[in-house]
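Undergrad: Below are the sequence and a predicted model; questions follow.
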Amino acid sequence: EPAATVDVSTELAELGQFESWRESLLSAAEGTESESVVRVVVNAEAGGVGLGRCVLKEAGLLRWAARVLFVVKPSEMSAAEALAVVDRGPCVSRGVVEVDSEARVCVRRHIPLDESAEPCVPVAAVDGRVRAVVDVATRGQLSSLGWFESPESESSPASGLAVDVAYGALNFKDVMLASGKLSKEVAGYGLSGGELGFEFSGTVAGGGMRRVMGLGRRALASRVDTDERFVWEVPAGMSLEEAATVPVVYATAYYALVVRGGLKAGQSVLIHSGSGGVGQAAIRIALARGAQVFTSVGNNAKVAFLLERYPALAVEHVLHSRSTAFERAVLEATNGRGVDLVLNSLAGDKLAASLRLVAPHGAFLEIGKYDLMMDTQVGLGAFVRNTAFHGIDLDQVMSDEALWAPVHALVVEGLASGEVVPLPATTFAAGEVEAAFRYMARGKHVGKVLLEVSEAANGGVPVTAGLPRVLSTANTVLISGGLGGVGLELARWL
């Protein structure tokens with residue numbers, strides 16, 4: 001039998017009474033025997049369920065949590081009536097229970113879903129295509145990756161272009177965002193906005209068979225809204241699957257090496273992660289323009305791949321990146337001078353070793369994200385030889401028309417001249433989203449990792465329905481605390 005009951009069903013009418021009520025509960029708990037239960041009666045209209053769960057976690061009450069039972073009742077029911085219903089119901093002595101107007105007792109419990117049950121519901125198609133986008137339900141858990149319903153259309157710039165996506169490409173930034181190693185807030189600048197997906201190929205919606213490849217926000221989707229400035233026509237003879245390997249890697253390599261690095265024939269270049277997407281694009285551009293190329297990879301299989309695919313590479317210039325031994329190899333090959341340009345994607349001590357390899361008047365071109373986001377410290381002594389450090393981020397470049405125009409033009413010229421060639425790719429089906437992300441996270445791939453999207457657009461994979469849009473656009477909504485994180489996100493969604 002409970003030794004004490006505190007009825008606060010009327011005292012919560014004013015929030016200012018909370019502290020006095022809290023003291024009443026503490027006094028009741030401390031004045032009872034160690035095995036007794038203190039029962040608190042709260043009106044449902046006063047937010048009783050949430051109140052009970054929060055109060056029992058407060059520091060002052062935490063030691064009494066195992067002996068306090070919150071009874072949440074309708075306002076028209078008295079505390080005595082509610083307690084009588086609880087006494088007749090299931091034996092519950094702690095936590096929160098609810099009594100409804102029909103004198104039934106509800107106890108909230110976690111019940112695992114039937115694993116065989118389908119968690120997704122059908123999502124209606126628009127113009128024959130399901131509007132779906134790849135996202136992660138829980139940031140940091142790749143197992144929660146999947147297809148989710150997306151709005152019928154995102155807001156687009158005045159010169160907007162809607163593209164029905166055939167293939168979406170994964171980049172390391174996507175893996176870092178999904179795995180929680182890079183926060184959406186930190187990465188939420190530029191065109192991508194911290195969303196998954198940035199690169200695609202497909203056909204222009206309503207544009208006949210106009211095939212394009214390009215860049216756009218939330219590009220791992222059945223349809224992406226982008227801008228004419230950020231797409232390129234897919235050349236005849238190039239498949240859409242091949243085209244999806246081109247945009248990010250070549251735009252990044254051209255901007256880093258040519259625009260920022262000022263690459264010229266006869267110069268020397270060190271390209272880390274040479275078997276990756278940007279690495280291969282950079283190798284091709286540098287070799288085509290008459291540069292001496294050093295590159296590093298993670299294992300012997302990747303060494304063999306590069307030597308076979310790019311026969312102009314010298315065997316002794318393909319180095320290993322698992323340690324800083326590449327530093328000595330480059331210095332020996334260049335008689336201690338180093339290289340004119342370093343295209344870096346390595347972190348930690350390998351970044352520092354690479355920085356020491358920049359020759360006088362040379363440039364260090366950083367395309368890696370980890371050290372930049374972690375604000376890794378770099379000694380100023382590295383720049384005493386009139387060298388430069390450039391942080392390379394395509395998102396930032398695309399927001400500046402003066403910077404972006406020459407990059408777009410370089411890709412156009414490269415497609416016409418044959419300097420731009422599609423990269424090898426590993427392609428996953430639409431239903432293998434998690435597998436694609438995990439494969440890329442292991443860093444064992446060569447070239448690009450693609451996701452084939454058409455199956456999702458045609459309704460062939462489960463798509464989790466989004467929240468129902470029940471608010472009329474004629475309504476006016478006041479958001480209290482609207483400048484906080486939740487408020488801003490709610491405002492964006494509305």
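TA: Right, received. Where do you want to start?
Undergrad: Check the gap between the residue nearest the centre of the chain and residue 270 for me.
TA: Within the chain, one residue has its C-alpha closest to the average C-alpha position: by CA atoms, centre = their mean, that is residue 177, at 3.1 Å. Counting by CB to CB, to the nearest Å, the separation of residue 177 from residue 270 is 28 Å. Backbone N, C-alpha and C define where each C-beta goes, glycine included.
Undergrad: Can you classify the residue nearest to the centre of the chain as helix, strand or coil?
TA: Following DSSP: H, G, I helix; E, B strand; the rest coil, residue 177 is assigned to helix.
Undergrad: what's the answer for residue 206, then?
TA: coil.
Undergrad: if I read this right, it contacts residue 162, doesn't it?
TA: Yes: between residue 206 and residue 162 there is a contact under CB atoms under 8 Å: 7.5 Å.
Undergrad: More neighbours: these two, which one.
TA: Legend: neighbour count by other CB atoms under 10 Å for residue 206 and residue 162, higher for residue 162 (17 against 9).
Undergrad: List the contacts of residue 255.
TA: Residue 255 is in contact with 392, 394, 397, 403, 407, counting by CB atoms under 8 Å, 6 or more residues apart in numbering.
Undergrad: Tell me where this protein is predicted with low confidence.
TA: Scanning the chain for pLDDT under 70 picks out 1-37, 45-67, 90-94, 108-128, 151-159, 184-190, 193, 370, 373-374, 466-473.
Undergrad: so what does the longest strand anywhere in it touch, helix or strand wise?
TA: Counting residues, the longest strand found in the chain (DSSP state E) is strand 160-170. On a contact count with 3 or more CB pairs under 8 Å, 6 or more residues apart in numbering; DSSP states H and E, strand 160-170 meets strand 199-204, strand 211-215, strand 223-227, helix 240-243, helix 433-441, strand 448-452, helix 454-457.
Undergrad: Repeat the analysis, applying 6 Å as the threshold.
TA: In terms of contacts (3 or more CB pairs under 6 Å, 6 or more residues apart in numbering; DSSP states H and E), strand 160-170 is packed against strand 199-204, strand 223-227, helix 240-243, strand 448-452.
Undergrad: Export these to JSON lines and append columns for mean neighbour count and distance to residue 422.
TA: Below are the helices and strands packed on strand 160-170 laid out as JSON lines (neighbours: other CB atoms under 10 Å; distance: least, CB to CB, whole Å):
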{"stretch": "strand 199-204", "mean neighbour count": "26", "distance to residue 422": "10"}
{"stretch": "strand 223-227", "mean neighbour count": "23", "distance to residue 422": "20"}
{"stretch": "helix 240-243", "mean neighbour count": "20", "distance to residue 422": "4"}
{"stretch": "strand 448-452", "mean neighbour count": "24", "distance to residue 422": "9"}
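Undergrad: With distance to residue 420 added, can I get those in TSV?
TA: Shown next, in TSV, are the helices and strands packed on strand 160-170 (distance: least, CB to CB, whole Å):
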stretch	distance to residue 420
strand 199-204	14
strand 223-227	19
helix 240-243	10
strand 448-452	14
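Undergrad: So for residue 75, which of the ones you listed sits nearest?
TA: Taking CB to CB, strand 223-227 is the member of these nearest to residue 75, at 48.7 Å.
Undergrad: next one: that closest one to chain centre, how far?
TA: 18 Å (CA atoms, centre = their mean, to the nearest Å).
Undergrad: now the angle from it to strand 160-170?
TA: Counting by axes from the mean of the first three to the mean of the last three CA atoms, to 10 degrees, strand 223-227 lies at 120 degrees to strand 160-170.
Undergrad: okay, strand 223-227 in CSV with CA atoms only?
TA: Output of strand 223-227 as CSV, limited to C-alpha atoms (Å, rounded to 0.1, in the frame of the first residue of the first chain):
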residue,chain,number,x,y,z
ARG,A,223,14.8,13.9,-59.3
VAL,A,224,17.1,16.8,-58.6
ASP,A,225,16.6,20.5,-59.1
THR,A,226,19.8,22.2,-60.2
ASP,A,227,20.9,25.0,-62.5
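Undergrad: C-terminal to that strand, what's the next element?
TA: Later in the chain than strand 223-227, the nearest helix or strand by DSSP states H and E is strand 231-233.
Undergrad: Partner strands of that following strand, with direction?
TA: strand 211-215 (antiparallel) (DSSP bridges).
Undergrad: Pairing partners for the residue nearest to residue 209 when sequence neighbours are not counted in the sheet, please.
TA: Excluding the flanking residues, the one nearest residue 209 by CB to CB, 6 or more residues apart in numbering is residue 203, at 6.2 Å. On the basis of DSSP bridges, residue 203 is bridged to residue 164, residue 211.
Undergrad: for the closest residue to residue 241 other than its chain neighbours, what are its contacts?
TA: Leaving aside its sequence neighbours, residue 241 sits nearest to residue 167 (CB to CB, 6+ apart; 5.4 Å). The contact partners of residue 167, taken as CB atoms under 6 Å, 6 or more residues apart in numbering, are 201, 240-241, 244, 450, 452.
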